[in-house]
Every structure is written in C-alpha cells, then in structure tokens.
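Undergrad: need coordinates for the following:
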Amino acid sequence: MSEFYKILRLLSVFALILLASGCGSAIEDLRQRYRPGSPREAYVLGLETMGIAESAIASEWALQGDEALRVTLSPTLPYREEGSLFPTEIMALGYRLRLERGQQLIVRASLDNGNDFFVDLYESLDAMGLPMRRVASADSTAELKHDIDRTKDYFLRLQPEILSEGGFRIEIMTDASIIFPVTGRDTGAVQSFFGDSREAGRRSHHGIDIFAPRGTPVIAVREGRISRVRTGGLGGRTVWLRDNKGHSFYYAHLEEQLVQSGQRVVPGDTLGLVGNSGNARSTPPHLHFGIYKNGPHNPWPFVFSPNLRPSSLRVESQYFGTWRRTDASRVSLLEAPSSGSLTLARFESPVDLHIIGGTSTYYHVRLPDDSEGYITASDMERTIMRNINSPIQRSRSTIGS
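TA: This next block holds a predicted model:
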C-alpha cells in the first residue's frame, strides 16, 4: 500500500469516527421527528444537520447516487453479487430491471461492518414525459419488498454510507405477490392460461384454470372484502374479493360458496369449494381465477413463484475492490451477466478496470469514465492484470482525485 493510501486510510477512519459519534444520533433523531420519505433521505438530513452536506465528499456521494439511476446494467433475476468497498471509494450501484405487473420484487443487501446500505426503487415515467418516481425504499436492516403494479422498467439503487468499507452482498429476486388460491396446489395445476382462445376465437380467456378434486377449498389471496356472491352465467357459482389496492379477484365454477357479500377476509380464509358449475359442467372440476383492475390482468405473474436461488459465486474474490489494467485485446464489456448479453464495448487496447464485485462467472467492473458492465471470468483469466496504485487515474469518484 502506497504512503498516500496509508495516510488517506487513517484520515478516512478518523472521519468515520467523527461521523459515527454525532451524525448517527442526528440521523436517528431526524427519523423520529421528521419521518423522511426514505432511510437515505434521513441520512442526507443528518449530513445537513451536521453541516457537512456541502463538503466535497458528501457532494460526490450525492452525485454518485444520482448517476446510479442512469445505469444500463440489466441483470437476469434471480441475481446475487458479492464485492468489496473501501473508504477511499465513493460509489453507488444501479441496476435496470424489467418487471411484470403482479410480481413481487425482493431485495436484500448487507455490509460486513454493520453500516447501512440504502436501497431505493424507482419506476420509469418516460412515456408520460415525467422524471422517474421512487416507489419503495429500505436499508440493510430490512429487506425491500414491493408488489409491481405496472409492467415496465424499474431502476434499483443501492448506496452505502460515506466511508463504508468491507464486503457486501446483494440479492435481487422476484416471487408471487399473492398466495395460491387453491389449497394444496401450485402453478403446476394450471392447465389453461390467460389469453387462450375461447368459442372458436370469438373471445379470449381472462384468467387461469386451476384443476383440483371437487370440494378442494379455494382461499382468499389477500386481505379484503367480499364484494359479490352470485349464481348464474358462465361462471356458475362465483365469489368476488376486492383488496385495498383496487384489485378484484374472481373465483368461478365453484361447487359451493362459503362467504357472504360484505364479509371481511384475510389471506387463507376459505371462500368456497372447487367445482364445475356454470359453463364448466362438461369439464373436470377446476377454479377459474381472474384478476381485474381497470380491465382483466394476467394472474400468472401474481401466483408464480420461481423457486430459484441465485447462482453461486464462481469468481476470484481477491480481485474485489482492486484496480487492474488489461494488457490483452478483445475483452468485452457486457450489459448483463449472461451469454446472450448485449456488448456495451469491446476493448482493443489496454484499459483500467475497477473490480466492484462478482456474480456467478462474471465480474462487475467500472471504468475511469464511470461506465460499468460485466466481464466474463474467462476474459479476466486470460487477460494480464496489474495493480493501479494511484487513485488519480480515476476521472472522479475517488477521494483524493
């Protein structure tokens, strides 16, 4: 380690002690008194209270947070990344996620040293000509869970406190946002899907059909109120459940209804029994399950649980947090850690790389111009690397640059 880094590290530790002694309590006081919109906002208010929000390091931290929302990295979910942070680096991590209405997004982030990792989810409003809007926030004391209500691009930012150091871990995944509506069954029991043709193409199927033995309980998928119980029409014996988010859940072809209009229910309460009433008399017993909010929506993303775990890490962790330089050509910078990823750049000459972390068989890297991407482990192995000791080779975002 150079003398510059030794001195800088000592100054960083000293500054961290000062921040911990006053800023932490100020932030907690602000959280209680002002109830800011997110943990990150509470932290910024703490910096302002301490009179250091306009300092060079705090200004760079804020700038890095803004730039993280303009990234193009698009990881495939489920996603796990591990890496290392150093107090000499100011950074934020950003990911673009394509999410479907009905999915639940789950994000977990942690740091070895106990500092906070601020997690913020934004939705794109480009189609309306508006800036992006924050829809969910958390910090590393709790996981972020958010039910997606529009199919579109979302932007996820994860940013540690100033002067954080040590290893970090991130997990991003999706799950069902409601419980499965038929007791003892899962998506393997679905045999007819949303959009399937009906009546020789004269109409389409506005739900999913879940097959189960006659008399199997069907249950409330969310807390809400029974808005309608009726008999007749294509659905036969039906029940409608409305939640507090404006969704109406439609249960049709029941053998028996076990609730009344106006009744309050919680997830898991029995609403009726599987049957084949209505126009399903010639088919085996099943539940037709539909979801409506300003029109019909595909129930599949609401009920589908991938049951997948992120791939294990298969890269060299000793590279994390280091600066290296490629000496070989034809190294590709990728948008996503996958074989079919878009290539963001192809290096034909030496280039400096900051190894932020790793995921599966890929390294997450940042270039001196703050652009980011992924490099395969095989590219890293066949590329000669060497340490870059001086932070002045970064264009910005490094203390001392």
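Undergrad: with just CA atoms, put stretch 137-147 into PDB.
TA: Extracted in PDB, the C-alpha atoms of stretch 137-147 (Å, rounded to 0.1, in the frame of the first residue of the first chain):
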ATOM      1  CA  SER A 137     -37.200   2.200   0.000                       C
ATOM      2  CA  ALA A 138     -35.400   0.300   2.700                       C
ATOM      3  CA  ASP A 139     -32.000   0.000   4.300                       C
ATOM      4  CA  SER A 140     -29.800  -3.000   5.200                       C
ATOM      5  CA  THR A 141     -31.700  -3.500   8.500                       C
ATOM      6  CA  ALA A 142     -34.700  -4.800   6.500                       C
ATOM      7  CA  GLU A 143     -35.300  -6.400   3.000                       C
ATOM      8  CA  LEU A 144     -37.100  -4.400   0.400                       C
ATOM      9  CA  LYS A 145     -40.400  -6.000  -0.800                       C
ATOM     10  CA  HIS A 146     -42.500  -4.300  -3.400                       C
ATOM     11  CA  ASP A 147     -45.600  -5.500  -5.400                       C
END
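Undergrad: helices along the protein, start to end?
TA: Counting by DSSP state H, the chain has helices at residues 3-18, 24-34, 39-49, 56-68, 300-303, 377-381.
Undergrad: those: lowest mean pLDDT?
TA: Mean pLDDT is lowest for helix 3-18 out of the helices of the chain, coming in at a mean of 40.
Undergrad: quick one: Glu60 and Thr88, what's the gap?
TA: Distance, Glu60 to Thr88, by CB to CB, to the nearest Å: 12 Å. Where C-beta positions appear, they are placed from N, C-alpha and C, glycine not excepted.
Undergrad: please apply the same query to Gly262.
TA: Applying CB to CB, the value for Gly262 to Thr88 is 62 Å.
Undergrad: what of Ala336?
TA: 29 Å.
Undergrad: Leu144 too?
TA: Leu144 is 28 Å from Thr88, where distance means CB to CB.
Undergrad: also Leu313?
TA: 24 Å.
Undergrad: again, but for Glu223
TA: Taking CB to CB, one finds Glu223 at 49 Å from Thr88.
Undergrad: so those two - more neighbours on which side?
TA: Higher neighbour count among Glu223 and Thr88: Thr88, with 19 against 14, using other CB atoms under 10 Å.
Undergrad: how about the backbone phi and psi for the more buried one?
TA: Dihedral angles of Thr88 (phi, psi; degrees, to the nearest 10) stand at phi -80, psi -10.
Undergrad: low-scoring stretches of the stretch 251-400 of the chain, by residue?
TA: Low-confidence segments of the stretch 251-400 of the chain (pLDDT under 70): 328-329, 382-400.
Undergrad: need the strands for it, in chain order.
TA: Using DSSP state E, counting those that start in this stretch, the strands of the stretch 251-400 of the chain run over 264-265, 270-274, 286-292, 296-297, 323-325, 331-334, 343-347, 352-359, 362-366, 372-376.
Undergrad: hmm, Leu105 is touching Phe155, no?
TA: No. Using CB atoms under 8 Å, Leu105 is not in contact with Phe155, being 11.8 Å away.
Undergrad: and for those two, which residues touch both?
TA: 97, 121 (CB atoms under 8 Å, 6 or more residues apart in numbering).
Undergrad: when those two are compared, which one has more neighbours?
TA: Using other CB under 10 Å as the criterion, Leu105 and Phe155 rank with Leu105 on top: 22 against 19.
Undergrad: quick one: contacts for the more buried one?
TA: 97, 99, 121, 136, 144-146, 148, 154, 172-174.
Undergrad: can you say which of the residues you listed are buried?
TA: Among these, those buried by neighbour count (16 or more other CB atoms under 10 Å) are 97, 99, 121, 136, 144, 146, 148, 154, 172-174.
Undergrad: got a list of contacts for stretch 121-141?
TA: Outside stretch 121-141, the residues touching it (CB under 8 Å, 6+ apart) are 37-40, 69, 105, 107, 109-111, 115-120, 144-146, 150, 152-157.
Undergrad: before we move on, back to that, what's the farthest-apart pair in the buried ones among the contacts of Leu105?
TA: Spatial extent of the buried ones among the contacts of Leu105 (CB to CB) is set by the pair Ala136 and Met173 at 14.7 Å.
Undergrad: for Gly224, list each beta-bridge partner.
TA: Asp243, Val265 (DSSP bridges).
Undergrad: what pLDDT does it get?
TA: For Gly224, the predicted pLDDT is 97.
Undergrad: distance of the residue lying closest to Pro39 once chain neighbours are set aside from Asn115?
TA: With CB to CB, 6 or more residues apart in numbering as the criterion, Pro39 has its nearest non-adjacent residue at 3.9 Å, and that residue is Asp139. Asp139 is 10 Å from Asn115, where distance means CB to CB.
Undergrad: OK, contacts around Gly207?
TA: 194, 250, 252, 288-291, 296, 299.
Undergrad: same thing with Lys293?
TA: If you count contacts by CB under 8 Å, 6+ apart, Lys293 has them with 245-248.
Undergrad: turn the residues you listed into CSV, including distance to Leu258.
TA: Listed next are the contacts of Lys293 as CSV, based on distance: CB to CB, whole Å:
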residue, distance to Leu258
Lys245, 24
Gly246, 25
His247, 21
Ser248, 19
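Undergrad: scan those and report the most crowded one.
TA: Busiest of the contacts of Lys293 [other CB under 10 Å] is His247, holding 21 neighbours.
Undergrad: how far away is that residue from Glu381?
TA: For His247 relative to Glu381 (CB to CB), the value is 50 Å.
Undergrad: pretty sure Met380 sits against Tyr319.
TA: Yes. If you go by CB under 8 Å, Met380 and Tyr319 touch, sitting 7.3 Å apart.
Undergrad: what touches both of these two?
TA: With contacts defined as CB under 8 Å, 6+ apart, the residues adjacent to both Met380 and Tyr319 are Tyr363.
Undergrad: now the end-to-end length of stretch 321-340.
TA: Terminal residues of stretch 321-340 are spaced 27 Å apart (CA to CA, to the nearest Å).
Undergrad: list the buried residues in that stretch.
TA: By neighbour count, with 16+ other CB under 10 Å as the criterion, the buried positions of stretch 321-340 are 321, 323-324, 326, 331, 333-337.
Undergrad: cool, stretch 230-244 as well?
TA: For stretch 230-244, the neighbour count (16+ other CB under 10 Å) marks 235-243 as buried.
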